[in-house]
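[1] sequence first, then the predicted structure:
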Amino acid sequence: MEILPPALERLINNLSALPGIGSKTATRLALHILRGQQGAAVELADSLSKLHESIQLCSSCFAFSETDPCSICSDPGRNSEILCVVEQPADLLAIETTKSFKGHYHILHGTLSPVDGIGPDEIKIRELVHRSNNGVVKEVLIATSSTVPGEATASYLIDTLKNPGLRVTRLAYGIPMGMDIKYADKHTLARAILRRDKAV
Ligand SMILES: [Zn+2]
């Protein structure tokens, strides 16, 4: 049995600690890095080592950013009257790629999960309530996932954000584009019927 050089084994162990990377993939990646240019490996190591010192959370929306406030919060071209609430930074990126939303964001950094000890104080709900009452925000669009924790978080937010001066909306759910409706699951179909849009 081949014994790996310790430096290579260390890299494989570190890579395999990443989500979705098993030991086979970690070994393949480590060998790829080893066979490549030393400069590319140094650049990779440098980008990793600078990550935490360069990036912080925006104190307003809690997005990862090199500046505080972040580029979205400080963009005068965006509508500060509407806040889109998402679970994670990756959700913000997904919505931004659509170029369909020009408001501001609020990242919760998680969902409510009482069995795991995650209550409202463990995610950025208190901060959301505070922002929603700042006199500028007129609409909060809840864009949590349609998972059990995402739905539970959305329900909690709808109750907590009740305020006559605030419109609370949710993402519409429906049949995916290009999908034959007979293949849609009944919950998606039921929700699409309940939240149907005016056609003309
Ligand atoms: Zn921000």
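    Noted; the coordinates are in hand.
[2] which helices and strands does the longest strand seen in the chain pack with?
    Ranked by residue count and defined by DSSP state E, the top strand of the chain is strand 79-86. Where contact means 3 or more CB pairs under 8 Å, 6 or more residues apart in numbering; DSSP states H and E, strand 79-86 is packed against helix 89-98, strand 103-107, helix 125-132, strand 139-142. To be clear about C-beta, it is placed using only N, CA and C from the backbone, and glycine gets the same treatment.
[3] centre-most residue in the protein?
    residue 88 (2.3 Å; CA atoms, centre = their mean).
[4] want to throw the helices and strands packed on strand 79-86 into JSON lines with mean pLDDT and distance to the ion?
    Shown next, in JSON lines, are these (pLDDT from 0 to 100; distance: least, CB to the ion, whole Å):
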{"stretch": "helix 89-98", "mean pLDDT": "93", "distance to the ion": "9"}
{"stretch": "strand 103-107", "mean pLDDT": "97", "distance to the ion": "7"}
{"stretch": "helix 125-132", "mean pLDDT": "94", "distance to the ion": "11"}
{"stretch": "strand 139-142", "mean pLDDT": "95", "distance to the ion": "15"}
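[5] so what's the residue nearest to the centre of the chain scoring on pLDDT?
    Residue 88 carries a pLDDT value of 95.
[6] any idea how far it lies from residue 184?
    26 Å (CB to CB, to the nearest Å).
[7] how about stretch 191-200: buried residues?
    Residues of stretch 191-200 classed as buried by neighbour count (16 or more other CB atoms under 10 Å): 191-192.
[8] just the CA coordinates of that stretch, formatted as PDB?
    C-alpha atoms of stretch 191-200 as PDB (Å, rounded to 0.1, in the frame of the first residue of the first chain):
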ATOM      1  CA  ARG A 191     -50.200  26.400  -4.400                       C
ATOM      2  CA  ALA A 192     -50.100  27.500  -8.000                       C
ATOM      3  CA  ILE A 193     -53.900  27.400  -8.100                       C
ATOM      4  CA  LEU A 194     -54.300  29.200  -4.800                       C
ATOM      5  CA  ARG A 195     -51.800  31.900  -5.900                       C
ATOM      6  CA  ARG A 196     -52.900  32.100  -9.500                       C
ATOM      7  CA  ASP A 197     -52.100  35.300 -11.400                       C
ATOM      8  CA  LYS A 198     -54.500  37.500 -13.400                       C
ATOM      9  CA  ALA A 199     -54.000  36.600 -17.100                       C
ATOM     10  CA  VAL A 200     -55.100  39.900 -18.600                       C
END
